[in-house]
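Chemist: Structure, please.
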Amino acid sequence: KFYYFGIPQDQSSSILYVIDCSGSMTAPIKLKNTSVGTVGGGAQPVETSRIEGCKAELIHALGLLNPKQKFAILYYNDLPHFWQPKLQNADKAVVQQAQAFVKTLKAASSTNIYDSLEQGFKLVGRGVRDKYYGVELDTIFLLTDGSPTTPDGKPDSTEKILEAVRGWNPLKRVTIHTIGIGGELNDKFLGQLASDNG
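Modeler: All right, here's what the predicted structure looks like:
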């Protein structure tokens, strides 16, 4: 019951959810009958859009956090945007505010993963480079439905992103889980990003 898209989140003390809100997220999907508690938990496949399905899954996952955990939400298209500029305690009132916010997300524009991850790593703190300090953020869930683009919508270099993340996460103290939805994914890039970062 502690899962987000099949990945356990109860092993993390602080989580950043990075959510693709690019225009292609309006594409229709059928959610399969999956484990209890996920948006596709019914007997029949659910017809919806990528973004609505992902919003429902995130709303569900937020509700599973315990008050000792911290979280943040970053949604992105041509540019990244934080829900709140810093990590929040997952107490009931804050989680409800976050869930209400997630319901308002709309899809538009491109898929700027580079700038989104760069912004996300600003939450980690000094411990990302100094082993004598703790990290403020220990887990990133990156969700996308396509290959990365620059802010103007042109294809971005996946190797540039992988190399940048190596610089942002040199001690590998932040785990990155990648979640792909749809058929236009760069599976190799997402797999490499996840395996490089625990």
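Chemist: Pull out the buried positions in the longest helix seen in the chain.
Modeler: Ranked by residue count and defined by DSSP state H, the top helix of the chain is helix 50-64. For helix 50-64, the neighbour count (16 or more other C-beta atoms under 10 Å) marks 50-62, 64 as buried. For every residue, glycine as well, the C-beta is placed using N, CA and C.
Chemist: What is the nearest of the residues you listed to Leu171?
Modeler: Using C-beta to C-beta, Ala61 comes nearest to Leu171 of the buried residues of helix 50-64, at 26.7 Å.
Chemist: Name the residues linked to Thr178 by a beta bridge.
Modeler: Taking DSSP bridges as the rule, Thr178 bridges to Leu142.
Chemist: Offset the numbering so it begins at 135, please.
Modeler: With the count now opening at 135, the last piece we talked about shows up as Thr312.
Chemist: so it touches Gln326, yeah?
Modeler: No - checked against C-beta atoms under 8 Å, the pair Thr312 and Gln326 is beyond contact range at 9.1 Å.
Chemist: higher neighbour count, the two?
Modeler: Per other C-beta atoms under 10 Å, whichever of Thr312 and Gln326 has more neighbours is Thr312, with 22 against 17.
Chemist: And the worst-scoring helix or strand of the chain on mean pLDDT, how far out from the chain middle?
Modeler: Every helix and strand in the chain was compared by mean pLDDT, DSSP states H and E; the lowest is strand 162-165, with a mean of 86. Remark: strand 162-165 is offset 19 Å from the chain centroid, using C-alpha atoms, centre = their mean, to the nearest Å.
Chemist: Could you give me the buried positions within that strand?
Modeler: Ile163, Leu165.
Chemist: Fine by me, thanks again.
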